[in-house]
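> how would this look folded up:
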Amino acid sequence: MRAILASVVIILCVGMPVSSQVAPQTVNIAVNYKEADGALPPVWTYFGYDEPNYTYAPNGKKLLRELAALSPRPVYIRVHNLLTTGDGSASLKWGSTNVYTEDAAGNPVYSWAILDRIFDAFTEAGVKPLVELGFMPQALSIHPEPYRHKFPQESVGSIYTGWAYPPRDYRKWSDLIFHVVSHLRSRYGDAAVQSWLWEVWNEPDISYWQGTPEEFLKLYDVSVDAISRAFPAARIGGPDTTGAGSAKSAAFLRLFLEHCTHEKNFVTGQTGTRLDFISFHPKGAPKWMGDHVQMGIANQLNSIEKGFDIVASDTGWRRIPIILGEWDPEGCAACSAQQYPQNAYRNGPLYASYTAESLSRTLDLAHQKHVSLEGLVTWAFEFEDQPYFAGFRELATNGIDKAVSNSFRMFGLLGQERLNVTSSGALETANIVQSGVRGAADVNALATRKSREVEILIWNYHDDDLAPPPITIDLTVAGLPEDLTRAVMEHFRVDADHSNSYAKWKAIGSPQSPSPIQFEEIESAGQLQLLNSPSWEPVKNGAASLHFSLPRQGLSLIRLAW
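So this is what the prediction gives:
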């Protein structure tokens, strides 16, 4: 008997943690075409990057065109360094336009050539700028030397050089902002500029701003005044602080909002400053576990929740739309997986499934907190002159799309009218905010409808990048026309074997100088792929039933049309 009891204890002790990591073998997902659940706003159509000079590189232009083609809805691009001094040469976490210099007598000299190349590329691709007015030109900085940093030869913490300091003359800064906005308005026209967004600086609560909080509030007021004089119809926002998960960042966000709504304006002397949208930057925290990556989605969602709580705490703030100006799994896009092994998730489908998971939960939090969510900026683009699949946080490598790009292609195929969805494998948002997805996987879905079409996005997400057996999805789509007998199904997939250029690159030997034929193979693998050929599926009594397997970190987009 003692032996039997000991055996039972061993089985329970060994079995419990294993079973906690495994979702049910079969997950039932139900969608009803007749049960609308509000609008699905196109919040994901925002992207950004540090290096503005990559914008007009051939691969940069190619990627911009692809981003514009993701969706019929506008795509916005936010970049750093639009006012930074330099010759236009780019490197990691660096860029410049040389917009502002001064002559020997201290008079302003404006140069538009590089800035125009950037905005011309935006316009030609069909994307819209979210114009970030920063950083400080060398001639205006109170601490101009050293100016250009040496990352990655030196640490990330060394990048905050002369460009991060306040202006020595706020009047000259005001004139600079007025001239920049006036030039862009003149070059691209009111009709185009009307739809652009404008903001001042980046993450002033940390070392990106080497002044005091009060000096930043003055910079914001001076900038808003200059933008408004140059183009009164501009939409202006901020403060683009880091995530509200830390006490310091939360305090700075509150300080800024209080200033904009209740305190004296540094320019007008009146109460308040224009604030057309509120922005902050929630980030996750992945870890390297020795043999795999473990994502930290709870860190990102906790930061989002706390920021939403701050905005919702004041009736005046609650009515202002929110754009999460950098919304990412972690902080440093230009830090490779070679230096930081936890960044290995970026090459494959985990980044795609994380993006779907965090999109869904961010929407949930916005709904729960009764705030207006307008945009989520994915801080990822492409890097020039870097190895293939080096593990940078990017949408494409050397002109080849990564798996994460296909998650956005899936989002672009969704409709704007959301449907109610139930999933037996879904976790509670509150639990994920608290603890992440560390036990059972989150098997969840978003569904939308169009005329004579329904779209269902399903994902199988877990923080730990491990590969247990796939699960079976039993999907029921009800509420279809009663007289319908069949509907055509398209099943798009992102996983280890589909829509995954990294897997193809490894399969052909991980070439760093692929031949033209190899490049074409890898490039093709980076596009969104069907799991199977389109098929006609039976519909009985207004319902269709579909069954398929879905691996861990996989995404499926089902499209039924009739």
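
> can you tell me the average pLDDT over the helix of greatest length in the chain?
Secondary structure of the chain read by DSSP state H shows that its longest helix is helix 349-369. When pLDDT is averaged along helix 349-369, the result is 98.

> Tabulate the CA atom coordinates of the next helix or strand along the chain from that helix in CSV.
Next along the chain after helix 349-369, taking DSSP states H and E as the criterion, comes strand 373-379. Below are the C-alpha coordinates for strand 373-379, written out as CSV (Å, rounded to 0.1, in the frame of the first residue of the first chain):
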residue,chain,number,x,y,z
LEU,A,373,-8.0,53.8,-28.3
GLU,A,374,-7.0,55.2,-31.7
GLY,A,375,-3.6,53.6,-32.5
LEU,A,376,-0.9,51.1,-31.5
VAL,A,377,2.5,51.9,-33.0
THR,A,378,4.6,48.8,-33.7
TRP,A,379,8.2,50.0,-33.4
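
> Just grab the bridge partners of residue 421 for me.
Beta-bridge partners for residue 421, by DSSP bridges, are residue 31.

> Residue 247: how many residues sit nearby?
For residue 247, the neighbour count with other CB atoms under 10 Å is 9. Every C-beta, even on glycine, is put in place using the N, C-alpha and C of the backbone.

> which phi and psi does it have?
Phi and psi for residue 247, reported as degrees, to the nearest 10, are phi -60, psi -40.

> Over to residue 165?
Here is the backbone geometry of residue 165 (degrees, to the nearest 10): phi -100, psi 160.

> and residue 474, what are its bridge partners?
Counting by DSSP bridges, residue 474 forms beta bridges with residue 28, residue 547.

> hang on, isn't it packed against residue 547?
Yes: if you go by CB atoms under 8 Å, residue 474 and residue 547 touch, sitting 5.7 Å apart.

> quick one, which of those two is more surrounded?
For residue 474 versus residue 547, neighbours defined as other CB under 10 Å are more numerous around residue 474 (14 against 9).

> For residue 494, which residues are in contact?
When contacts are counted by CB atoms under 8 Å, 6 or more residues apart in numbering, residue 494 touches 349, 352, 353, 403, 406, 407, 410, 500, 528, 554, 555.

> from those, which two are the most distant?
Farthest pair in these (CB to CB) is 353 and 528. Separation: 14.5 Å.

> Surely residue 389 touches residue 347?
Yes: the criterion here is CB under 8 Å, and residue 389 meets it with residue 347 at 5.0 Å.

> List the buried residues of the longest helix of the chain.
Neighbour counts over helix 349-369 (16 or more other CB atoms under 10 Å) mark 349-366, 369 as buried.

> Ok, stretch 486-496 next?
By neighbour count on 16+ other CB under 10 Å, the buried set for stretch 486-496 is 487, 489, 490, 491, 492, 493, 494, 495.

> Could you pull up the residues touching the nearest residue to the third one once chain neighbours are set aside?
Take residue 490 and drop its neighbours on the chain: the residue closest to it by CB to CB, 6 or more residues apart in numbering is residue 559, 4.4 Å away. Residues touching residue 559, when contacts are defined by CB under 8 Å, 6+ apart, comprise 413, 453, 454, 455, 489, 490, 491, 492.

> Take these and keep only those in strands.
By the criterion of DSSP state E, membership of the contacts of residue 559 in strands covers 453, 454, 455, 489, 490, 491, 492.

> What number of residues are in the vicinity of the second one?
Using other CB under 10 Å, residue 454 has 23 other residues around it.

> residue ranges with poor pLDDT in the stretch 1-150 of the chain?
Along the stretch 1-150 of the chain, segments meeting pLDDT under 70 span 1-24.

> show me where the stretch 51-200 of the chain has helices.
Using DSSP state H, counting those that start in this stretch, the helices of the stretch 51-200 of the chain run over residues 58-68, 113-125, 170-188, 190-193.

> chain center to the helix or strand hosting residue 249, what's the gap?
Using DSSP H and E, residue 249 maps to helix 247-262. Chain-centre distance of helix 247-262: 23 Å, with CA atoms, centre = their mean, to the nearest Å.

> Can I get the helices of the stretch 51-200 of the chain in TSV including distance to residue 49?
As requested, the helices of the stretch 51-200 of the chain are exported to TSV (distance: least, CB to CB, whole Å):
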stretch	distance to residue 49
helix 58-68	9
helix 113-125	11
helix 170-188	19
helix 190-193	21
